[in-house]
Structure formats: structure tokens, C-alpha cells
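Here is a sequence together with a model predicted from it:
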Amino acid sequence: MAYPQLTNEPGALATAAAIREGRLSVAEAVDAAIVRLEHDDASIDALAVPNFEAAYAEARALDAAGPREDQPLFGVPMTIKESFDVAGLPTTFGHPEHKDKIAPRDALLVRRLKAAGAVIIGKTNVPVDLTDWQSFNPVYGRTMNPHDPERSPGGSSGGSAAAVASGMVPCDYGTDIGGSVRVPAHFCGVWGHKTTWGLIPKHGHESPAISRREGFIAAADGPLSIAGPLARNAADLAALTIAGAEVPLRRRAKPLKNCRILALTELPGGPLDDSVRVPTEAAYAALERAGVKIDHSSDLLPDQALYHRSYLKMMNIVMSGGAPAPDGKRATATDWFALMNTQAACIAQWEALFETYDFVLVPPAPVLAVPHADKAVFRGALAINGEEVPGGSGLVYAGIATFPNLPATVLPIGSADYLGSQLPCGMQVIGPRWADLDCIAAAESIGNILHR
């Protein structure tokens, strides 16, 4: 099954290998990426904040020092989502009042990526407060989907996915609480990984309205939200995940043909457009022809309608910092503990499901890349098979993995026409908690079947 690829530029590990083998210097790799950004980004606007001068200095230092065995990303030029602090650069979350407030230090993830040898050449665009499946704000403008400039690249890590899909950089790191890594990967035809909650640190990823307060120190990551990588292949996703991880990760290396898979199409409350349904069902059929054991329904699946309601409540509390809801009501401690208990029950039910199944497959979103709009997707409507449905219904496909803190890898599976434009389509591969590398490996195996 073909899917549109926009670049032949090498990925992260291929770039690192070229540098180690002496076919390329770090300075040359960084300069080539910056030239691509300066040339190609004029029509995409994926880059929010350049970091070119510091990147050139870092490249010269790395060339002088040479690679170490513990630097798998040695010399790889990459970008990172605007919401992560990079020392000397602003972190605005899309708010003009913060554009001159400079981060004093790198986020912990940025430090880990640099320790692995990566060179941060800039920060990529986001929606205001990271709350949309588009990526536009009054500070840095609107990011275009490189497949169709009239379409969104997704959000809130839309600048990240657009930069990777267009070939300007080999990889990026975003965040995800409502599909913010998975949907951009799906919209832009790249690979993305929603990590197990707690695996990748998000210290240094705080709203500037909070983090600039005197004496503020982030002591813990917030519930539900994760940091996860975007790349153009599975091997790069795995390397980026390992580089940022809090704990060592292991792979079972179980062949896909020995796995039992639950493959879902439509979820309760989330109608699916045919532009997603058709390539998804074609992918399932191709896997079955290749000998993969697939069930299309199971009584073990947790009650998605029930848990989706709790997911929305918990996400809204997290993203508002506990502020009152639009109806003026504020969640109480009792409300929060009830949500935690519901989440624990959901986690237990998923653990029981994974005693039978190795992975669950499901679309990342009910539509392909949406046309640009002046208001957030969640405040508008989605066009699904000729009818308008509430935009928030798309979150059903994000919450299935987010609420139980599960890892989910998105891979491109094909393309289809959506509202008059041929666009890429992705698939989520969801696995047990901490089985991040297994999810990525299963996605790679699925890709090998679908793309041959």
C-alpha cells in the first residue's frame, strides 16, 4: 500500500552513521539542515524559533571531540516542539506576552537528547496553549501541511510533524495528551510514538505563565500528558525513545506472525470517515493475508464510552490547572480521586486484555488532514462522510491509549481522498504499558508488510 513520501533525505540513525563513517561532518549535517529550513520553510512555517548560531557552535565542538559509544544520535540535527525550554530561546506556548521571556536552562529531555549527541537547531510551531489539531498562533503564524498547504499538519505537535515530513529535519520531539503526536504523524504521513506515561521526563515543559514565577520548580510531570518522538522510520523512533527514557527499555522480539491482534475500526462516539476506514480495513486485510492472527471484536475491550467521559474530565482538569470549567464549576478533591480510581480500573482492564492480545490496532483520528480554520478543531465540526459532527468526537481515538497510560505507535499505512485532496493515513499500534519498543517493532513489521 503506497503512501505519499515527500523526501529522500536520510533519517536520524542514517545521518549519525554517515558522520561516524567520515562521509559527513557534524558541521556539514547541521549546515545542510539549516539550508533546507531556510529554503523550504517559507512555504510551510514549521520552524518557530531558530537556534542556528548555537547549533553551529555545538557542531564544531562535536567535530572536535568525536563520537562516543553512548551517543547514538551523534551529530544529528533536529528540532523540538516550541513548548520545551531550550536555554537562550523563548518558550511562549503561542502567547505574544511571553515572546521575549528567555528560558534560562534546557528542559531535561533536551539535555538527554544533547547527551545522546543530537544538535537542536530550532523549535517547531504549536497552537496556543497546545489545545488544537492545528498549529497556528499570533506569535509564529500558521503551519501548513507539506502535502497540501490548505490543510493542517495537525496539532499540537504540528510544526514537528511538518518539519519531519518535508525532510527539513530527520526527527523531532513533541508532546501528546489529546493525540498531539499521533494526529500530526497521521496527518503528515510520518511515524510518531506516544510513550508510556512517565517514561520520558517533561521537566522544562511548563506553561510560561507558571514557569516564570519566582521560585518555581517542576517536581513532577502532570497526569496523562507525555513526550514522544516523530521521525520517518521505526528505528529512529526507537533510538529517540531510548535516548529520552527514564528507565531502561527491553524488547520481547516476538514475531508479528506469532502475535494475536485486536483490530478495531470505529469506536463508540467516534464516527469514522471513509477516507480513514477504507485504508484501515485494507491494511487489516493485508495483514491477515500475510498470516497475522486478527480479531475484530472482543468482550475484553474496556467500556470505551464510559472511560472516554472520564478521560475528558481528567484532561480538562489537567490542561486548565484545575481552573473552573466553562460552567463555572471547579473539580473537587473528591472528583479527582474518583477519576484516579476510574483510571486505575481502566488500566487493570487493559492489563487483562493484554493477557490475551499482544497489540490493539485502531485509527489515530476519524479524518485525514483537515482544512485550515480560524477556530480550534474541538470548537468546530469535522466533516465525516458528508455530515458535520462535533470536532471533539475525534478525541475518542486519542483517549483510548491516553487514559490508561499506554504506549501507541503511529505508522503511515496508505493514502486516500478527503474533501478533494489526496492525503496520508496512519494507524495506531497500542501495546501494554512499558512495551514501547515492542509497539515500535510491531509497527515496523506491519509497515514491512504494507509497504512492500
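Everything's here; your move.

And stretch 445-452, what's buried?
Going by neighbour count (16 or more other CB atoms under 10 Å), the buried part of stretch 445-452 is Ser445, Ile446, Gly447, Ile449, Leu450. Quick note: C-beta positions are derived from backbone N, CA and C, even for glycine.

show me the contacts for the fourth one.
Right, Ile449. Residues near Ile449 by CB atoms under 8 Å, 6 or more residues apart in numbering: Leu256, Ala286, Leu287, Ala290, Val292.

Now compare these and name the two farthest from each other.
For these, the farthest-apart pair by CB to CB is Leu256 and Ala286; their separation is 12.2 Å.

And those two? Which one has more around it.
Leu256 (21 against 17; other CB atoms under 10 Å).

What values do phi and psi take at the more buried one?
Per-residue torsions, Leu256: phi -60, psi -40 (degrees, to the nearest 10).

okay, the contacts of Ile449 in a markdown table with pLDDT and distance to Arg60 next?
As requested, the contacts of Ile449 are exported to a markdown table (pLDDT from 0 to 100; distance: CB to CB, whole Å):
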| residue | pLDDT | distance to Arg60 |
| --- | --- | --- |
| Leu256 | 97 | 44 |
| Ala286 | 98 | 48 |
| Leu287 | 98 | 47 |
| Ala290 | 97 | 48 |
| Val292 | 98 | 49 |
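
Among the residues you listed, which ones are in helices?
Using DSSP state H, the subset of the contacts of Ile449 located in helices is Ala286, Leu287.

Pick the one among the contacts of Ile449 closest to Ser275.
Nearest to Ser275 out of the contacts of Ile449 is Ala286 (CB to CB; 17.8 Å).

Distance of the nearest residue to that closest one once chain neighbours are set aside relative to Pro153?
Of all residues not flanking Ala286 in the chain, Leu450 sits nearest, at 5.8 Å (CB to CB, 6 or more residues apart in numbering). Computed as CB to CB, to the nearest Å, the Leu450 to Pro153 distance reads 23 Å.

Equivalent analysis for Glu97, please.
Separation of Glu97 from Pro153 (CB to CB): 25 Å.

So for those two, which residue has more residues nearby?
Between Glu97 and Pro153, counted using other CB under 10 Å, Pro153 has the larger neighbour count: 37 against 10.

isn't that one right up against Arg142?
No - Pro153 is not in contact with Arg142 according to CB atoms under 8 Å; the separation is 9.7 Å.

thinking again about what came up before, output the contacts of Ile449 in JSON lines; the columns should cover distance to Pro390.
Converted to JSON lines, the contacts of Ile449 look like this (distance: CB to CB, whole Å):
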{"residue": "Leu256", "distance to Pro390": "36"}
{"residue": "Ala286", "distance to Pro390": "32"}
{"residue": "Leu287", "distance to Pro390": "32"}
{"residue": "Ala290", "distance to Pro390": "37"}
{"residue": "Val292", "distance to Pro390": "34"}
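
so what's in contact with Pro153 and Arg142 at the same time?
Common neighbours of Pro153 and Arg142 (CB under 8 Å, 6+ apart) are Ser135.

Report all helices and strands that the host helix or strand of Glu53 contacts.
Taking DSSP states H and E as the definition, Glu53 sits inside helix 52-65. Helix 52-65 is packed against helix 26-40, strand 119-124, with contacts defined by 3 or more CB pairs under 8 Å, 6 or more residues apart in numbering; DSSP states H and E.

Please name every helix or strand in contact with the longest one.
What it means is helix 26-40. Applying 3+ CB pairs under 8 Å, 6+ apart, one finds that helix 26-40 contacts helix 12-20, helix 52-65, strand 77-81, strand 119-124.
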